[in-house]
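Engineer: Kindly return the folded structure for what I paste below:
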Amino acid sequence: MVKSQILAALDAARGRYLSGQELADRLGVSRTAVWKAVAALRGDGIPIQAVTNRGYTLAANADLLHADAVTALLEPKVAAALRVEVYDRLPGTNAALRTRAADGAPEGLVLIAQAQSAGRGRSGRSFFSPPGGLYMSLLLRPEIAAHQAVFLTVMAAVAAARAAEQVSGGSLQIKWVNDLWKEGRKVCGILTEASLDVESGLLEYAIVGPGFNLIPPAEGWPPELDGIAGSLFMSSAPPGARARLAAAFLNEFWPLYRSGRRRDYLPDYLSRQVLPGRHVEVRPGGAPPYGATVLGVDQDCRLLVRPDGRRTTLALNSGEVQIVPGPPTTYQK
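Structural biologist: Residues are numbered from 1 along each chain as shown. Okay, here's the model as predicted:
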């Protein structure tokens, strides 16, 4: 806790020095405790500078994606419920957390990676995860049925949009079900996975995994993402932006999750939808794609579409949709 408090104090005081005595008095600990905590933080790679008779300061350009930096920014009730671990690189935070969940890890474990070597998106597709982004997964153990898991994704989308707006400014929209758009480009995807207890019919655990693009990759977007992917910042992110974004997401998501079955987040989710009124190609898994016009999203978070040439309305629980030109103007019964 002392490490987190010292890191938070130095982060708030960027550009000036805080003496060991000032930190000790502020935190109610000894100067020796301050010295040990600073030494531990520097051992973790945090660029804290120490000058005799002046004290400690944090390098102005330090990007504090570190467990202590994230924890220090959490609300007290959230910090008490979560355990944050940060890694330089993982194959995928969801995959790593699934292993931990199967081994009995408790609810509230958060894994964050600075890059992923084998990130996954929906339907098993790869998720481009270069350094400079924020890739995280949160372990949940809710007592809910499988069909209710969609609301975990909805909560996460709302929390991610609110967090991204706090950190980067501008407005965020949501493309059903779980993609975040900024200025017409995808800046965040959320992969929600779950394990079902067959005997009870309830989830054994769920993992919510948002991945944010903070800045464009140095080598540019891959050809398949050019014109589709975007980032929260145009070029460089402010120092500490990733830690602030991770903490902001957790601070937003955890109260929504702990509120139980209340759906106070739904109006926000529905108001951010980008698809209503658009013509799309619906790609239901295992079936041929078809064109449709999006009519809206209902209270159960199903996408309401009218297939081309028909007057019937379909309510989609899942599937992929892509915006395409159209629609035709003739209908069949």
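
Engineer: which residue is nearest the middle of this protein?
Structural biologist: Pro210 (3.2 Å; Cα atoms, centre = their mean).

Engineer: check which helix or strand covers Leu295.
Structural biologist: Using DSSP states H and E, Leu295 maps to strand 290-297.

Engineer: one step back: which SS state does the residue nearest to the centre of the chain fall under?
Structural biologist: strand (DSSP: H, G, I helix; E, B strand; the rest coil).

Engineer: Quick check: it vs Val110, distance?
Structural biologist: 11 Å (Cβ to Cβ, to the nearest Å). Yep, even glycine has a C-beta here, placed from its N, CA and C like the rest.

Engineer: got any residues that touch both of the two?
Structural biologist: Counting by Cβ atoms under 8 Å, 6 or more residues apart in numbering, the common neighbours of Pro210 and Val110 are Met136.

Engineer: can you give me the helices in the protein?
Structural biologist: 2-12, 20-27, 31-43, 67-72, 76-81, 93-102, 150-168, 241-258, 266-271 (DSSP state H).

Engineer: Which residue comes closest to Ala248 once chain neighbours are left out?
Structural biologist: Ala163 (3.6 Å; Cβ to Cβ, 6 or more residues apart in numbering).

Engineer: For that neighbour, which residues are in contact?
Structural biologist: Here Ala163 is in contact with Leu245, Ala248, Phe249, Asn251, Glu252 (criterion: Cβ under 8 Å, 6+ apart).

Engineer: and what of Pro325?
Structural biologist: Here Pro325 is in contact with His279 (Cβ under 8 Å, 6+ apart).

Engineer: Model confidence for it, exactly?
Structural biologist: What the model reports as pLDDT for Pro325 is 86.

Engineer: Let me have the contacts of Ala163 in a markdown table, adding distance to Ala69 and pLDDT as columns.
Structural biologist: Below are those laid out as a markdown table (distance: Cβ to Cβ, whole Å; pLDDT from 0 to 100):
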| residue | distance to Ala69 | pLDDT |
| --- | --- | --- |
| Leu245 | 11 | 96 |
| Ala248 | 13 | 98 |
| Phe249 | 14 | 98 |
| Asn251 | 14 | 98 |
| Glu252 | 18 | 98 |
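
Engineer: for the stretch 1-150 of the chain, what are the low-confidence residue spans?
Structural biologist: Residue ranges of the stretch 1-150 of the chain with pLDDT under 70: 44-45, 117-131.

Engineer: Who does the residue nearest to Pro307 when sequence neighbours are not counted form a beta bridge with?
Structural biologist: Distance criterion Cβ to Cβ, 6+ apart; nearest residue to Pro307, sequence neighbours excluded, is Ala292 at 4.7 Å. Counting by DSSP bridges, Ala292 is bridged to Val280, Pro307.

Engineer: Help me confirm that Ala292 comes into contact with Val280.
Structural biologist: Yes. If you go by Cβ atoms under 8 Å, Ala292 and Val280 touch, sitting 5.9 Å apart.

Engineer: Pick out whichever of the two has more residues nearby.
Structural biologist: Taking other Cβ atoms under 10 Å, Ala292 and Val280 do not tie; Ala292 has more neighbours (26 against 23).

Engineer: OK, contacts around that one?
Structural biologist: His279, Val280, Glu281, Val282, Val305, Arg306, Pro307, Asp308, Leu314, Pro327.

Engineer: one more time with 7 Å
Structural biologist: Val280, Val282, Val305, Arg306, Pro307, Asp308 (Cβ atoms under 7 Å, 6 or more residues apart in numbering).

Engineer: Columns pLDDT on top of those, output as TSV?
Structural biologist: Formatted as TSV, these follow (pLDDT from 0 to 100):
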residue	pLDDT
Val280	95
Val282	95
Val305	97
Arg306	96
Pro307	95
Asp308	95
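
Engineer: Only whichever of these are buried, select them in PyMOL.
Structural biologist: In PyMOL, this line selects whichever of those come out buried by 16 or more other Cβ atoms under 10 Å:
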select buried, resi 280+282+305+306+307+308
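
Engineer: quick check, nearest of the contacts of Ala292 to Asp264?
Structural biologist: For these, the closest approach to Asp264 (Cβ to Cβ) belongs to Val305, at 26.6 Å.

Engineer: gap between the residue lying closest to the closest one once chain neighbours are set aside and Leu140?
Structural biologist: Take Val305 and drop its neighbours on the chain: the residue closest to it by Cβ to Cβ, 6+ apart is Ala292, 3.9 Å away. Going from Ala292 to Leu140 by Cβ to Cβ gives 33 Å.

Engineer: ditto for Cys188
Structural biologist: For Cys188, the distance to Leu140 - Cβ to Cβ - is 19 Å.

Engineer: who's in contact with Ile174?
Structural biologist: Contacts of Ile174 by Cβ under 7 Å, 6+ apart are Ala157, Ala161, Leu180, Tyr269, Arg272, Gln273, Val274.
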